[in-house]
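Colleague: Need coordinates for the following:
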Amino acid sequence: LPDSVIARCPADESLLASILTAKYADHLPLYRQAQMLRRSDVHISRQTISKWVLSLGAGLAPLYEAMKARILASGVIFVDESPVSLQSQSKGPCKKAYMWVYAGGGGGDPPYRFFEFRTSRSHAHVEQTLKEYQGVLHSDKYAAYEKLARREEIQWCPCMAHARRKFVEAEGGDPQLRRRILRKIRHLFMLERVAWSRSPEERLRIRWEIEKPVLENLKSLVKERILAGGLLPKSKFSQALHYYLDLAPHFENYLNHPEARLDNNVAERAIRPLTIGRKNWLFVGSEEGGQAAATILSLIQTCRNLDINPQEYLEDVLRRIMSHPAKQIDELLPDHWLASRKKNAASQTVKQDGLG
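Modeller: You can find the predicted model right below:
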């Protein structure tokens with residue numbers, strides 16, 4: 001028999017890939033999948049399927065680590081985190097754990113989606129992951145990212161969309177100034193749409209010549225209003241002003257890098273499948289299960305971002321990974337796998353044309 005990720009497993013790789021895709025792409029909990037199989041007179045317990053998922057997560061770990069290395073070497077990262085429930089081993093209530101997502105791999109809309117499971121939201125987790133990272137970091141205003149921003153080798157780009165949301169929610173205060181600020185932020189996003197349709201050189205020129213004066217004017221408006229006083233300290237408008245002013249020096253960082261963005265929407269979109277999925281499967285059963293989920297989510301959501309059928313990809317990779325040379329593991333990463341498939345398809349077309 002050929003080498004298999006799960007030794008002596010009675011399930012074919014096609015079934016295993018189908019189970020993973022159903023849970024982590026289509027958000028079907030394992031107990032529902034067991035019920036669906038039973039209707040077809042295929043009797044596999046949820047516990048057995050759970051063990052398969054854990055083993056597959058461990059078997060796919062080399063690809064997971066290779067993807068992490070590619071993201072950390074890319075120079076532009078988008079990061080966000082979201083809570084997940086972790087089942088207590090003492091039959092008590094679920095604990096709050098976290099899943100981080102790092103989007104990277106090159107470009108302003110990078111291909112890779114790397115998920116990382118952690119049992120808490122401690123600053124130490126993200127600091128450990130990014131301890132050797134050098135480049136642009138997009139995120140929200142979580143204190144862990146602000147701490148990382150103090151490192152010289154990191155150019156922190158906080159999310160303007162978050163700042164805009166603060167002003168949208170601040171309906172009281174100074175309505176005229178609020179509308180003025182929101183118009184200027186909208187103008188920045190309109191300019192960015194134009195800039196991203198141009199070459200990297202032209203994009204930087206638009207930013208420095210047109211967008212930078214808008215940012216400077218925004219900072220002046222916010223600072224002048226705060227210095228003028230008369231604001232209720234706990235009002236939403238006052239909080240929005242101070243939120244913006246705290247981040248104003250960092251908002252300009254995206255001007256310097258052609259692949260940097262004004263917002264962190266790449267990471268916001270990347271985390272969305274997790275938030276949809278947890279409404280269905282509700283919790284992870286253990287820390288080992290959380291790690292397996294992170295590994296499989298990383299591969300499946302990267303496939304979806306690259307318009308690859310994740311079931312087809314996983315079935316092929318599960319058949320090959322055990323015998324694939326460790327030093328060439330990058331060949332099985334989703335974008336490399338896709339490029340190889342296209343190359344082989346083109347080669348076959350040429351051969352057929354030659355025979356014709």
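
Colleague: hey, let's count contacts and neighbours off CA atoms from now on
Modeller: OK.

Colleague: my read: Ala66 touches Asp330, true?
Modeller: Yes - judged on C-alpha atoms under 8 Å, Ala66 makes contact with Asp330 at a distance of 6.6 Å.

Colleague: pLDDT weak spots in the chain?
Modeller: Low-confidence segments of the chain, defined by pLDDT under 70: 1-2, 350-356.

Colleague: how about 80 then?
Modeller: The model of the chain has pLDDT under 80 over residues 1-3, 88-92, 107-108, 172-173, 233, 279-282, 346-356.

Colleague: quick one: contacts for the closest residue to Gly106 other than its chain neighbours?
Modeller: The shortest distance from Gly106 to any non-neighbouring residue, by C-alpha to C-alpha, 6 or more residues apart in numbering, is to Ser74 (5.3 Å). Neighbouring residues of Ser74 by C-alpha atoms under 8 Å, 6 or more residues apart in numbering: Gly104, Gly105, Gly106.

Colleague: Please apply the same query to Leu148.
Modeller: Glu127, Ile154, Trp156.

Colleague: Scan those and report the most crowded one.
Modeller: Trp156 (27 neighbours; other C-alpha atoms under 10 Å).

Colleague: how about the CA coordinates for whatever helix or strand that one lives in, as CSV?
Modeller: Assigned by DSSP states H and E, Trp156 belongs to strand 154-158. Below are the C-alpha coordinates for strand 154-158, written out as CSV (Å, rounded to 0.1, in the frame of the first residue of the first chain):
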residue,chain,number,x,y,z
ILE,A,154,8.3,47.1,11.6
GLN,A,155,6.3,49.8,9.8
TRP,A,156,2.9,49.7,11.5
CYS,A,157,-0.1,50.6,9.3
PRO,A,158,-3.2,50.9,11.6
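
Colleague: what's that strand in contact with?
Modeller: 133-141, 145-146, 148-149, 247, 250-254, 260-264.

Colleague: Confirm Gly172 sits in a strand?
Modeller: No - secondary structure of Gly172 (DSSP: H, G, I helix; E, B strand; the rest coil): coil, not part of a strand.

Colleague: Surely it and Ser238 touch.
Modeller: No - Gly172 is beyond contact range of Ser238, at 9.6 Å (criterion: C-alpha under 8 Å).

Colleague: which of these two has more neighbours?
Modeller: Neighbour count, other C-alpha under 10 Å: between Gly172 and Ser238, Ser238 has more, with 23 against 12.

Colleague: you'd agree that one is up against Gly229?
Modeller: No - look at Ser238 against Gly229 with C-alpha under 8 Å: they stay out of range, at 9.8 Å.

Colleague: before we move on, what SS does the residue nearest to Arg207 when sequence neighbours are not counted have?
Modeller: Spatial nearest neighbour of Arg207, chain neighbours left out: Leu255 (5.8 Å); criterion: C-alpha to C-alpha, 6+ apart. Under three-state DSSP, Leu255 falls in the helix class.

Colleague: which residues sit in contact with Leu255?
Modeller: Leu204, Arg207, Trp208, Lys212.

Colleague: Show the contacting residues for Phe117.
Modeller: Per C-alpha under 8 Å, 6+ apart, neighbours of Phe117: Ala97, Tyr98, Met99, Trp100, Gly290, Gln291, Ala294.

Colleague: and it, that one's in a strand?
Modeller: Yes - if the criterion is three-state DSSP, then Phe117 is within a strand.

Colleague: So which residues of the chain form strands?
Modeller: For the chain, the strands defined by DSSP state E occupy 76-86, 95-104, 112-118, 135-139, 154-158.

Colleague: Can you lay out the ones you listed as a markdown table showing distance to Asp41?
Modeller: Output for the strands of the chain, formatted as a markdown table (distance: least, C-alpha to C-alpha, whole Å):
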| stretch | distance to Asp41 |
| --- | --- |
| strand 76-86 | 32 |
| strand 95-104 | 36 |
| strand 112-118 | 35 |
| strand 135-139 | 48 |
| strand 154-158 | 53 |
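
Colleague: Looking at those strands, spot the one closest to Val284.
Modeller: Val284 lies closest to strand 76-86 among the strands of the chain, at 5.1 Å (C-alpha to C-alpha).

Colleague: Quick one: list the elements packing against that closest one.
Modeller: With contacts taken as 3 or more C-alpha pairs under 8 Å, 6 or more residues apart in numbering; DSSP states H and E, strand 76-86 sits against strand 95-104, strand 135-139, helix 265-281.

Colleague: re earlier: out of the contacts of strand 154-158, which are buried?
Modeller: 133-141, 145-146, 148-149, 247, 250-254, 260-264 (16 or more other C-alpha atoms under 10 Å).

Colleague: Give the burial count for the nearest residue to Glu202 once chain neighbours are set aside, as a bare number.
Modeller: Nearest residue to Glu202 in three dimensions, chain neighbours excluded: Ala195, at 7.2 Å (C-alpha to C-alpha, 6+ apart). Using other C-alpha under 10 Å, Ala195 has 20 other residues around it.

Colleague: need the contact list for Ala195.
Modeller: Glu202, Arg203, Leu204, Ile206, Arg207 are the contacts of Ala195 under C-alpha under 8 Å, 6+ apart.

Colleague: For Leu130, list the residues it contacts.
Modeller: Leu72.

Colleague: Now do the phi/psi pair for it.
Modeller: Main-chain torsions, Leu130, degrees, to the nearest 10: phi -100, psi 20.

Colleague: what about Leu332, distance to Ser286?
Modeller: Noted for Leu332: a distance of 28 Å to Ser286, by C-alpha to C-alpha, to the nearest Å.
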